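Student: Starting from these lines, generate the structure:
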Amino acid sequence: MFTDPVADDVALSCAPSSELAGTARDALWLSRQAEARSLLAAHRLGQSVYDEMLMSLDPERQMMVRNPADKAAIGEISLQLGISRKKAGTWFNLGEALRGLPKIRMAYLAGDLSTHRMSVMVYAARSASVATAEPDFEDIALDLASRPSTDKVLRDELEEALISLDPEGAAEARDGFADAWQNVAITDDSSGHANIDACVPAEDAVFLRERIGALIAERVCHRDPRTIGRRRVLALAELLGVPGKKLTCACGLDECPMRMPDATTDEQAPAMYVPTDVADDRHEGSPAPTEPPPWTLVVDPTGVEVPRLRGFRAIDPSLADTLSPRASLITLPPHLIRGRSRLIVVGRRGPAPPMDPTGHGGFEHPPPGALTHAPSARLRREVMLSDLICRYPFCGMPSHKCELDHIVKFDHADPHAGGWTLASNLAPMCPPDHHRKHLGRWRPTMNTDRTITWCNTTTGEEITTHPR
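Tutor: As a prediction, this is how the structure comes out:
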């Protein structure tokens, strides 16, 4: 397979469409297997160079040259494989980590994991403390990695698992990460521009992103010709107080709904939120900030569920306690709280039985609101708390930015006959995936455990997505 480029090019050009998906999957599987063997062979090559340098020295001298030996190993990998030293170093370190993770290593060699997905699992596994030995974190990682999720979603799920298993260790890791990586770097670029690269606490990033978005929504109409990037940069400059920088709509239309009443007035940007402990130090008589809470936290009063920072992901309980006095709190209802034993399900493959195929949730008569297309605020909130991301395969869009879609289509002409507006018949879909679902190539079925099985209407292939 794929040994003659010219013949392969002709074969792929002439292959029937029904065979292309299978051919692509097979090729991807083989390429993953090949890269796994390349990475592990590269590690062995580097390790042999490393060992050769140390074996010729006495123990005292060995301690002095470990760093040069490491550089020599990476340099040899780079030269022999024709790859950058950065990539060679990454492969060498991943290969070393995989020595202690046999289950992940075997899955990687089998072609079940891409190198990047494997690296997400390795870094999470290395962060797992001794306290997480039961259940085996490798089993947790492999179970989550088997789901049709993006690598970012997998990283977030693994981080949530780490916090659940060792909340104190997660807080310590957060402090250590801050010491190692927090920084703001401003470097020159070209054409009168510069780059700002920053690693900041999650709560700071969420606050700033929301402020920038709110200012754009308040000041700019949909006819503004500038890119969203230019709008964000100008909004940031105004929020930071850069002289002469003010975000206004550039559509140029007299009827612009965002047009300032008096463009000559030097109106200030909305004041940045000032915490109460800072506001108390203001001069007497200064107006108190009227901004809404800067953060939204989803919390479990029983302490079983890991708290979540809306706009970010799971955070450790210590950080949640720090933010909660200034945050808007969303409390998980009791029926959405999973027992400790169900935080991570290891070893279960395949969905539960399907729900009522009529989309009526097993009800004989429609409950209140079931025959109305738009869900109530309470129902929407329940679904969003149950499903944290878009339920289409391989999408990671946060559910609070999604639309709610009826799994069994709502019948506007005869609401009683179509799918009803119930939690068991609703799932969040981002706008592009909502449209894809209605194209009908993949048909969803809601199961009793809120997994959704997506079936290809042409090939019968099935993909199952999981809640939360």
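
Student: Point out where this structure drops to low pLDDT.
Tutor: Scanning the chain for pLDDT under 70 picks out 1-2, 56-66, 129-135, 260-290, 337-351.

Student: residue boundaries of the strands in it?
Tutor: For the chain, the strands defined by DSSP state E cover 183-188, 194-199, 295-299, 308-309, 327-331, 403-406, 426-429, 442-446, 452-456, 462-465.

Student: Can you tell me which helices and strands the fourth one packs against?
Tutor: Other elements packing on strand 308-309 under the criterion 3 or more C-beta pairs under 8 Å, 6 or more residues apart in numbering; DSSP states H and E are helix 202-219, strand 295-299, helix 317-323. Backbone N, C-alpha and C define where each C-beta goes, glycine included.

Student: Which residues does it contact?
Tutor: Contacts to strand 308-309, defined as C-beta atoms under 8 Å, 6 or more residues apart in numbering, come from residues 202-203, 206, 295-298, 314-315, 319-320, 323, 388.

Student: go with 10 Å
Tutor: Strand 308-309 is contacted from outside by 156, 160, 202-203, 205-206, 295-300, 314-315, 319-320, 323, 327, 330, 332, 385, 388, 468, using C-beta atoms under 10 Å, 6 or more residues apart in numbering.

Student: by contact count, what packs against the helix ranked longest in the chain?
Tutor: Longest helix in the chain, counting residues (DSSP state H): helix 17-55. On a contact count with 3 or more C-beta pairs under 10 Å, 6 or more residues apart in numbering; DSSP states H and E, helix 17-55 meets helix 5-14, helix 59-64, helix 66-81, helix 85-98, helix 102-109, helix 115-127.

Student: how does it look with 7 Å?
Tutor: helix 66-81, helix 85-98, helix 102-109 (3 or more C-beta pairs under 7 Å, 6 or more residues apart in numbering; DSSP states H and E).

Student: one step back: hmm, which of the contacts of strand 308-309 are the buried ones?
Tutor: 156, 160, 202-203, 206, 295-300, 314-315, 319-320, 323, 327, 332, 385, 388 (16 or more other C-beta atoms under 10 Å).

Student: okay, now Arg381: neighbour count?
Tutor: Around Arg381 there are 14 other residues, counting by other C-beta atoms under 10 Å.

Student: partner residues bridging the residue nearest to it when sequence neighbours are not counted?
Tutor: Of all residues not flanking Arg381 in the chain, Ile330 sits nearest, at 7.7 Å (C-beta to C-beta, 6 or more residues apart in numbering). Note on Ile330: beta-bridge partners Val298, judged by DSSP bridges.

Student: Ile330 and Thr296 touch, don't they?
Tutor: Yes - using C-beta atoms under 7 Å, Ile330 is in contact with Thr296, at 6.4 Å.

Student: gap between the two ends of stretch 398-414?
Tutor: 32 Å (C-alpha to C-alpha, to the nearest Å).

Student: Contact partners for Leu81?
Tutor: By C-beta atoms under 7 Å, 6 or more residues apart in numbering, the residues touching Leu81 are 42, 88.

Student: rerun at 10 Å
Tutor: 38-39, 41-42, 45, 87-88, 91.

Student: Check those against Gly244 and report the nearest one.
Tutor: Set against Gly244, the nearest of the contacts of Leu81 by C-beta to C-beta is Lys87 (44.1 Å).

Student: What about that closest one, how many residues nearby?
Tutor: 15.

Student: With Ala88 as the reference, measure out to the closest residue to it other than its chain neighbours.
Tutor: Nearest non-adjacent residue to Lys87, counting by C-beta to C-beta, 6+ apart: Ser78, 7.7 Å away. With the distance defined as C-beta to C-beta, to the nearest Å, Ser78 ends up 4 Å from Ala88.

Student: how far away is Ala27 from Leu12?
Tutor: 10 Å.

Student: Confirm for me that Glu461 is in contact with Ser18.
Tutor: No - between Glu461 and Ser18 there is no contact under C-beta atoms under 10 Å: 11.7 Å.

Student: ok, the two, which is more surrounded?
Tutor: Glu461 (13 against 9).

Student: residue contacts, that one?
Tutor: With C-beta under 10 Å, 6+ apart, Glu461 has these contacts: 21-22, 25, 442, 454-455.
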